[in-house]
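Asks: Whatever this is, show me its structure:
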Amino acid sequence: MTRRTATLVTSIVVLVISLGLLTAFPVPFVSFSPGPVKDTLGTTKNKPVIEITGHETFPTTGQLDLTTVSVTSPDRELTLPQAMRNWLDPHHDLFPRDIIYPPDQSADEVEQQNTAEMTGSQDSAIAAALQAAKVPFHAKVSTVAKDTPADGKLKAGDIVLAVDGQAVTQVPQVGDLVREHKVGENVTFLIRRGGTEQTVQLKTAATPGEATRPMVGISIGVDSPVKVTVNLGQDIGGPSAGTAFALAIYDKLTPGPLLDGKHVAGTGTIDALGQVGAIGGIQQKIAGAKNDGATVFLVPGPNCAAALHAGVKDIRLVKITTLSEAISALTALASGKGDVPACTP
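Replies: Model prediction:
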């Protein structure tokens, strides 16, 4: 073998080894791709996704999909070729790993956070839907944070009847009335616990990271004879299905099918007052909805600009900022009359 041939062979071997190492070496990114959808008006494992007892329910028609994004799991790493394939696919996206999975959180902690966000999303969706459907309910204490003014004085399950003498008729009132105080001032709760009414006085504390924003350390949910169960298990996490849950609950609690047989998908967080919030992965969710056959997609207002660049044809993008707007838009679509706000450039 000549020196030139030996050099060429050595170079090829080094190149092959380098390419092999390069393709096997993980890169610090995670992928976003269209995830599965779930019809909130349908069934799962022979049970309704949304199960309601304690109140009359009404037939529904059509399909109302919650949408998801498939994200690289926290215990898996992408190789360079995998990352490149995702980068080249118009319906996939790449994000720095540290943004999606903070280095100071374990995989279990991420999963627990996603589960907690989903549970909170369901509670808010139930509250918003009951208010929209005009179903009576009471505000109740859902959780009490440790080492806060409410710790040891209020308990999960306490019914909040009034704050500072003002009757509580809506979930958001509790927080609003607490925030009328300054940090360090007293706030008085009238609660019902175990059938007995009692008064509890708390001194507000500063919200962590917001020195002038008062809090007492509780979250508020709904107490009602109407019981809503979401049968999805642990398959889906995060808060972005809240709007779809709220619409499905509202549709079942009110006469007349909201969708009139249409196949609608959507996304958006929701609070107890029915305000719809922005989410991540809007382009992947629209692609997933279209793949499942949806013809209408409900887009949170702040996500409209990104939604217009999803590159998905023949799906109507409807802009929503509140649950009330979403209900009105779906009613207009079903009847063919009225305004249907659209995402526009």
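Asks: residues in contact with the nearest residue to residue 260 once chain neighbours are set aside?
Replies: Excluding its sequence neighbours, the residue lying closest to residue 260 (CB to CB, 6 or more residues apart in numbering) is residue 334, at 3.5 Å. In short, each C-beta sits where N, CA and C put it, glycine included. Residues counted as contacts of residue 334 (CB atoms under 8 Å, 6 or more residues apart in numbering) are 257-260, 262.
Asks: likewise residue 263?
Replies: 62-63, 65, 292-296 are the contacts of residue 263 under CB under 8 Å, 6+ apart.
Asks: could I get the helix or strand containing residue 30 in PDB with only the CA atoms?
Replies: Remark: residue 30 resides in strand 29-39, with elements defined by DSSP states H and E. Taking C-alpha atoms only, strand 29-39 is exported to PDB below (Å, rounded to 0.1, in the frame of the first residue of the first chain):
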ATOM      1  CA  PHE A  29     -33.100  20.200  22.000                       C
ATOM      2  CA  VAL A  30     -36.500  18.700  22.300                       C
ATOM      3  CA  SER A  31     -39.000  18.300  19.400                       C
ATOM      4  CA  PHE A  32     -42.600  19.500  19.200                       C
ATOM      5  CA  SER A  33     -44.800  17.500  16.800                       C
ATOM      6  CA  PRO A  34     -48.600  17.100  16.300                       C
ATOM      7  CA  GLY A  35     -50.000  15.000  19.200                       C
ATOM      8  CA  PRO A  36     -53.100  12.900  19.500                       C
ATOM      9  CA  VAL A  37     -56.500  14.600  19.800                       C
ATOM     10  CA  LYS A  38     -59.400  13.500  22.000                       C
ATOM     11  CA  ASP A  39     -63.100  14.200  21.500                       C
END
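Asks: helices and strands around it, which ones?
Replies: strand 63-71, strand 78-79, helix 80-88, strand 93-96, helix 97-100, helix 282-291 (3 or more CB pairs under 8 Å, 6 or more residues apart in numbering; DSSP states H and E).
Asks: Can you point out the buried residues in it?
Replies: Using 16 or more other CB atoms under 10 Å as the test for burial, strand 29-39 gives 29-35, 37-39.
Asks: Stretch 316-333 too?
Replies: 316-323, 325-331, 333.
Asks: which residues are in contact with it?
Replies: 128-129, 132, 243, 246-247, 250, 258-260, 262, 264, 266, 268, 270, 274-276, 286, 295-301, 304, 307-308, 338-343.
Asks: What about those residues, which are in helices?
Replies: Secondary structure assignment by DSSP state H places 128-129, 132, 243, 246-247, 250, 286, 304, 307 of the contacts of stretch 316-333 in helices.
Asks: Which pair of the residues you listed spans the longest distance?
Replies: 132 and 286 (25.1 Å; CB to CB).
Asks: Who has more neighbours out of the two?
Replies: residue 286 (28 against 20; other CB atoms under 10 Å).
Asks: Pull the contacting residues for the residue nearest to that one when sequence neighbours are not counted.
Replies: Closest residue in space to residue 286, ignoring its immediate chain neighbours: residue 310 at 4.3 Å, by CB to CB, 6+ apart. When contacts are counted by CB under 8 Å, 6+ apart, residue 310 touches 91, 282-283, 286-287.
Asks: Redo those as TSV? Include distance to residue 101.
Replies: As requested, the contacts of residue 310 are exported to TSV (distance: CB to CB, whole Å):
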residue	distance to residue 101
91	22
282	20
283	21
286	24
287	23
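Asks: ok, those residues vs residue 146, which is closest?
Replies: Of the contacts of residue 310, the one sitting nearest to residue 146 (CB to CB) turns out to be residue 282, at 35.8 Å.
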